[in-house]
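**Q** based on what follows, work out the 3D shape:
(chains A and B)
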Amino acid sequence: MGDEAFIEVDGVEKVFDVRRRTGFLKRERRRVQAVDSISFRVARGEMVGYIGPNGAGKSTTIKMLTGILTPSGGRLRVAGIDPSRERTRLAHRIGVVFGQRTTLWWDLPLIDSYRLMHRMYRIPDARYRENLDRLVELLGLEDLLEVPVRQLSLGQRMRGDVAAALLHDPEVLYLDEPTIGLDVMSKARVRAFLRELNAERGTTVLLTTHDLQDIEQLCSRVMVIDHGRLVYDGALAGLHEVGESERMLVVDLERELPPIEAAPARVVKVEGPRQWLAFPASESAAALVARVAADHPLVDLSVREPDIEAVIARMLHSPAESAQVPREDVGRVIS
Amino acid sequence: MFEGLRAYRLIAGMWVRSSMTYRTSFVVTVVGNLLLTGMDFVGILLMFSQVDSLGGWSLPEVAFLYGLSVTAFGIADLVLGSMDVLGARMRDGSFDVLLVRPVPVLAQVGADRFALRRLGRITQGLAVLGWALSAVDVEWTAAKVLLVPVMVLSGAVIFGAVFVAGAAFQIVAQDAAEVQNAFTYGGTTLLQYPPTVFGKDLVRGVTFTLPLAFVNWVPAAHVLGRPYPVALPGWTTYASPLVAAVCCAAAGLAWRAGLRAYQSTGS
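**A** Residues are numbered from 1 along each chain as shown, chains lettered A, B, ... in the order given. Model (predicted):
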């Protein structure tokens, strides 16, 4: 670890020329600014969550960081290398996992993909065996090695992909939606593995996700991108504050009653004896429950955490957003 | 270049080993491939059961063209035959995966699904070529004998260049697999017939624009002592390797341009 910036992004832009057919031969050209002058630095050993609505520019950023796409402007360095100019040289030092597509050879047994990676990345034999054994054990792949990739379940394939991305000891691992579509067990397994990887090997991890739990359990830092602009960079807790997010208390009363009055919570929905109370995420749920229980006959209750989409949506649409003074220790809102 | 060949060998080797795990299935597909491509030639035989010559060329002479065209195409197809799936790779996004690996993309695309069953086409082409060589009425000189392997190899390189250029075009226009097939499969079919049966404009196009004529038509016309429908200087008889080299360079440039276009547009 250290302050050394491993990933440097300075005013990077990406503009796509999109051509759309508007008539039989007529085409309309439109410029789409997918990434609009974003800057950030990631230190070696950091684990950073990169989130935002669909089409915000997350994948485009990852593609520029891996050299798949060339930025339209700005400066980009990963491990001191300009990704699009020296894509193959950089490839030895990075690992990439695309959640929605595999880097494995679809028709070959899993182990064949690994053997091929071994030769392709010129991994020294001893190193390869050591890494493979470790990854197979940690990711539970023993019984899957001889199975053709197309026969693996999504969770199994994802673990197989994570292992493939790490055989050559990359210094940074990019994960694009690594838990999308996985069941609870598979998600837990992938997350546990990533935590261990980061702690033991000091691998820098940058992940995009829709799952707030990925961020909560893995990342000390989160960056939010919207419409190609970086709108937040800091701790997850700070994001809740900036986004003024609300939690939801759901109570089942003994009978139908008029809406409960318990400011700052407000009733947002009543359905027979069940009521939904929204309250600021920063307030204690226990205190609220105590107040409600004091003068209402409670049968059951549950507290729901805000999801990431809602947090971001609130943050982006809150008119107070720019008026708020961000606290340095929590994070910064970039506008 | 070396890195590319090494990667090609690695990936192709993997596919060969994996296809060899089912030996019976492998043998069946090779034989099937052989029979299927052989049907083309049966078509030509049927034609000659009705006529004595085609555009003034006899059956052994047409078989000579056929053997050269099919063998050259077969070699290119063996080495680069998977390039027509590039468009599909662009659409489903799996092309990105190739770009994050530390080896040249062209080698990865070319070696993908490398299949020895494609040897079927080459075997069949060589068989017809062998028969044609024994049956044509030619006074063989050393130069003419040498021209035969030169034609096959240069032809394979020319077809290979068309595969690569087509793949580059698919990066830009993602639904262009059929355009590529028109030039590769279409080209080899065209070259199985004597140039004299086609219109002069087509022959000129195939000679000067997309120089497929140098796969077999131009040198074969000389070997067989047949006039070529378009006037060409004498040295062009031996120009096939040169044409192949120029095609390679052009295809290489096209491929680079395609890759650059992808890197700046994305999907």
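
**Q** so which bits of the stretch 51-200 of chain B are right by chain A?
**A** Within the stretch 51-200 of chain B, the positions adjacent to chain A are B:Asp92, B:Gly93, B:Ser94, B:Asp96, B:Val97, B:Leu99, B:Val100, B:Arg101, B:Pro102, B:Val103, B:Pro104, B:Arg113 by CB under 8 Å from any CB of the partner chain. For glycine as for every other residue, the C-beta is placed from the backbone atoms N, C-alpha and C.

**Q** pull the most distant pair out of those residues.
**A** Maximum pairwise distance among those (CB to CB): 22.4 Å, between B:Asp92 and B:Pro102.

**Q** can you show me the helices along the chain?
**A** Went with chain A since none was named. With DSSP state H as the criterion, chain A has helices at A:58-66, A:87-91, A:110-120, A:125-139, A:154-166, A:184-201, A:212-218, A:236-242, A:285-295, A:308-317.

**Q** looking at chain B here, not the other one
**A** All helices of chain B, identified by DSSP H, fall at B:2-20, B:23-48, B:59-80, B:86-92, B:95-99, B:105-111, B:119-135, B:142-172, B:177-190, B:200-204, B:217-224, B:240-265.

**Q** can you add mean neighbour count and mean pLDDT and give those helices back as CSV?
**A** As requested, the helices of chain B are exported to CSV (neighbours: other CB atoms under 10 Å in any protein chain shown; pLDDT from 0 to 100):
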stretch, mean neighbour count, mean pLDDT
helix B:2-20, 16, 90
helix B:23-48, 14, 87
helix B:59-80, 25, 96
helix B:86-92, 18, 83
helix B:95-99, 21, 91
helix B:105-111, 22, 93
helix B:119-135, 19, 94
helix B:142-172, 21, 94
helix B:177-190, 17, 86
helix B:200-204, 13, 93
helix B:217-224, 24, 94
helix B:240-265, 17, 92
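
**Q** who's in contact with B:Asp40?
**A** Residues near B:Asp40 by CB atoms under 8 Å, 6 or more residues apart in numbering or on different chains: B:Tyr66, B:Val70, B:Thr189, B:Gln192.

**Q** my read: the first one touches B:Val42, true?
**A** To tie it back to what came earlier, the one meant is B:Tyr66. No - between B:Tyr66 and B:Val42 there is no contact under CB atoms under 8 Å: 11.3 Å.

**Q** give me the contact list for stretch B:145-153.
**A** Contact partners of stretch B:145-153, identified using CB under 8 Å, 6+ apart, comprise B:68, B:71-72, B:75, B:129, B:133, B:215-216, B:219-220, B:222-223, B:237-238, B:240-241, B:244.

**Q** before we move on, the earlier item: select, out of the helices of chain B, the one closest to A:Gly95.
**A** Nearest to A:Gly95, of all those, is helix B:95-99, at 12.3 Å by CB to CB.

**Q** how far does that closest one sit from the chain's center?
**A** Chain-centre distance of helix B:95-99: 26 Å, with CA atoms, centre = their mean, to the nearest Å.

**Q** remind me what that helix packs against, helices and strands.
**A** helix B:86-92, helix B:105-111 (3 or more CB pairs under 8 Å, 6 or more residues apart in numbering or on different chains; DSSP states H and E).

**Q** can you say which of those is nearest to A:Leu135?
**A** Minimum separation from A:Leu135 across the helices and strands packed on helix B:95-99 (CB to CB) falls at helix B:105-111, 23.0 Å.

**Q** you'd agree B:Ser264 is up against A:Thr70?
**A** Yes - B:Ser264 lies in contact with A:Thr70 (CB under 8 Å); the separation is 5.0 Å.

**Q** so A:Asp36 touches A:Phe16, yeah?
**A** No - counting by CB under 8 Å, A:Asp36 stays clear of A:Phe16, with 12.0 Å between them.

**Q** residues of the stretch 1-150 of chain A that sit close to chain B?
**A** For the stretch 1-150 of chain A, the residues found near chain B under the criterion CB under 8 Å from any CB are A:14, A:16-17, A:60, A:63, A:66-70, A:72, A:84, A:87-89, A:91-92, A:94, A:96, A:98, A:100-103, A:105, A:107-109, A:112, A:115-116, A:119-121.

**Q** please repeat the previous calculation with a cut-off of 6 Å.
**A** By CB under 6 Å from any CB of the partner chain, the part of the stretch 1-150 of chain A that sits against chain B consists of A:66, A:68-70, A:88, A:91-92, A:96, A:101, A:103, A:108, A:112, A:116, A:119-120.

**Q** just the buried residues of the residues you listed.
**A** In these, burial by neighbour count holds for A:66, A:68-70, A:91-92, A:96, A:101, A:103, A:108, A:112, A:116, A:119-120, counting by 16 or more other CB atoms under 10 Å in any protein chain shown.

**Q** how close does A:Glu146 get to B:Ala231?
**A** From A:Glu146 across to B:Ala231, the span is 63 Å (CB to CB, to the nearest Å).

**Q** actually B:Gly205, sorry about that
**A** To B:Ala231, B:Gly205 is 15 Å away according to CB to CB.

**Q** thinking A:Val18 is in contact with A:Val32, fair?
**A** Yes - with contacts counted by CB atoms under 6 Å, A:Val18 reaches A:Val32, the gap being 5.2 Å.

**Q** domain ranges for chain A, per the record?
**A** Chain A is divided into the following domains under automatic domain parsing: A:5-93+A:170-240, A:246-305.

**Q** and the last one, average pLDDT?
**A** If I follow you right, that is domain A:246-305. Averaged across domain A:246-305, the pLDDT comes to 82.

**Q** one more: the longest one?
**A** Confidence over domain A:5-93+A:170-240, taken as the mean pLDDT, stands at 88.

**Q** for the most centrally placed residue in chain B, which residues are in contact?
**A** Centroid-nearest residue in chain B: B:Phe73, 2.6 Å away (criterion: CA atoms, centre = their mean). B:Phe73 makes contact with B:Phe159, B:Thr188, according to CB atoms under 6 Å, 6 or more residues apart in numbering or on different chains.

**Q** quick one: A:Leu152 from chain B, how far?
**A** 16 Å (CB to the nearest CB, to the nearest Å).

**Q** how about that residue, phi and psi?
**A** For A:Leu152, the backbone dihedrals (degrees, to the nearest 10) come out as phi -80, psi 150.

**Q** now for it: which residues touch it?
**A** Contacts of A:Leu152 were listed using CB under 6 Å, 6+ apart, and none were found.

**Q** 10 Å instead?
**A** With contact taken as CB atoms under 10 Å, 6 or more residues apart in numbering or on different chains, A:Leu152 is in contact with A:Thr102, A:Leu104, A:Leu110, A:Leu141, A:Leu144, A:Met158, A:Arg159, A:Gly160, A:Asp161.

**Q** let me know the closest of these to chain B.
**A** Nearest to chain B out of the contacts of A:Leu152 is A:Thr102 (CB to the nearest CB; 7.5 Å).

**Q** tell me the contacts of the closest one?
**A** Applying CB under 10 Å, 6+ apart, the residues near A:Thr102 are A:Ser113, A:Val149, A:Arg150, A:Leu152, A:Arg157, A:Met158, A:Gly160, A:Asp161, A:Ala164, B:Ser94, B:Val97.

**Q** try it again at 6 Å.
**A** A:Arg157, A:Asp161.

**Q** do the same with B:Leu86
**A** By CB under 6 Å, 6+ apart, the residues touching B:Leu86 are B:Val109, B:Ala167, B:Gln170.

**Q** distance-wise, check it relative to chain A.
**A** As judged by CB to the nearest CB, B:Leu86 and chain A stand 15 Å apart.

**Q** and among the helices of chain A, the most buried is which?
**A** By mean neighbour count, with neighbours taken as mean count of other CB atoms under 10 Å in any protein chain shown, helix A:58-66 ranks first of the helices of chain A at a mean of 25.
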